[in-house]
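*Asks:* coordinates only, sequence not included:
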DNA sequence: ATGGCTATATGTTATAGA
């Protein structure tokens, strides 16, 4: 099974780039972030025509997550537990069944800038809720894959110019510690199971020539529970997508599983 | 150096992103 995460930065803006990548990469499941669309405006046909089931959790204008799957999805839930007043569409779950059942979580973690401030407070409180949900899922002993745009640079090796991010919400010590707390529950950063070392990025800003200068950061992650880590056979980043026509500022990150 | 580009809605400017 091949599972990918991709912050597409607008589903309608990626009407050509996303199907083009799907046809080349042939993932079984894709967790999408920043669809920037209400559910009823999501263009389903290009995906259903390719054999994908579409489950969305969107809102007007910003945010929004979705799952595309060529395998059956069950028990779909929307919204991260822990705060009934949170109206931002950033979390969706479903169980996908191939040779094994896997609980999927698609997430778009708050950016948090500027820090300090209310947006950063929201980021950290969202991460505390994420940790609680991650712990609850771990207790089920299912294979769990939590994938999406975490908006966290875990380590200096995950940025071409770490010094440029020292005061940024994506790289502040508290953000990195909150991410590390989830790993410390027992989850693994799946790309790191397969590819240690620097130079693996998933985002390049549209501005300031970040792409041609390769000033990237790695902020899109697939975290896997121990039961899911047992099944991982490979991982990668489809960097070439950033060079396509009308690209997102993020590129797809994927894993393959013996499942 | 300068938020330098992009997407969307609030729409010929503002907001958010990272």
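*Replies:* Arrived safely, thanks for sending. In this text the structure is predicted, and so the values were computed from the model without any measurement.

*Asks:* Whatever residue of the stretch 1-150 of chain A ends up closest to DNA strand B: how many residues sit nearby?
*Replies:* Per C-beta to the nearest atom of the strand, residue A:10 is where the stretch 1-150 of chain A lies closest to DNA strand B, at 2.6 Å. C-beta: built from backbone N, CA, C; applies to glycine. Residues within reach of residue A:10, counting by other C-beta atoms under 10 Å, total 16.

*Asks:* what does the stretch 151-259 of chain A have sitting close to DNA strand B?
*Replies:* Residues of the stretch 151-259 of chain A lying close to DNA strand B (C-beta under 7 Å from any atom of the strand) are A:151, A:170, A:203, A:205-209, A:217, A:219, A:246, A:249-250.

*Asks:* For the residue in the stretch 151-259 of chain A that DNA strand B sits nearest to, what are phi and psi?
*Replies:* Residue of the stretch 151-259 of chain A nearest DNA strand B, by C-beta to the nearest atom of the strand: residue A:208 (3.3 Å). With angles defined as degrees, to the nearest 10, residue A:208 sits at phi 60, psi 30.

*Asks:* Apart from its neighbours in sequence, what residue is nearest it?
*Replies:* Leaving aside its sequence neighbours, residue A:208 sits nearest to residue A:215 (C-beta to C-beta, 6 or more residues apart in numbering; 7.5 Å).

*Asks:* what's stretch A:195-208 in contact with?
*Replies:* A:7, A:157-160, A:191, A:210-211, A:214-220, A:235-237, A:239, A:242, A:249-251, A:253 (C-beta atoms under 8 Å, 6 or more residues apart in numbering).

*Asks:* Next step: the residues you listed restricted to helices.
*Replies:* Using DSSP state H, the subset of these located in helices is residue A:191.

*Asks:* Could I have the buried ones of the contacts of stretch A:195-208 as PyMOL selection syntax?
*Replies:* A single PyMOL command selects the buried members of the contacts of stretch A:195-208 (16 or more other C-beta atoms under 10 Å):
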select buried, chain A and resi 7+158+159+160+191+210+211+215+216+217+218+219+220+235+236+237+239+242+249+250+251+253
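
*Asks:* What mean pLDDT does the helix or strand where residue A:193 lies get?
*Replies:* For residue A:193, the host element (DSSP states H and E) is helix A:190-194. Confidence over helix A:190-194 (mean pLDDT, whole number) is 98.

*Asks:* One more: stretch A:241-252?
*Replies:* Rounded mean pLDDT across stretch A:241-252 is 97.

*Asks:* Quick check: end-to-end length of that stretch?
*Replies:* With C-alpha to C-alpha, to the nearest Å as the measure, stretch A:241-252 spans 8 Å from end to end.

*Asks:* returning to what we had before: pLDDT score for the closest residue to the residue of the stretch 1-150 of chain A closest to DNA strand B other than its chain neighbours?
*Replies:* Nearest residue to residue A:10 in three dimensions, chain neighbours excluded: residue A:36, at 4.6 Å (C-beta to C-beta, 6+ apart). Looking at residue A:36, its pLDDT is 97.

*Asks:* residues in contact with residue A:36?
*Replies:* By C-beta under 8 Å, 6+ apart, the neighbours of residue A:36 are A:9, A:10, A:11, A:12, A:13, A:58, A:61, A:62, A:63, A:64.

*Asks:* Within the sheet, what are the partner strands of the helix or strand harbouring residue A:77, with directions?
*Replies:* Secondary-structure assignment from DSSP H and E places residue A:77 in strand A:73-78. Partner strands and pairing direction for strand A:73-78 (DSSP bridges) are strand A:91-97 (antiparallel).
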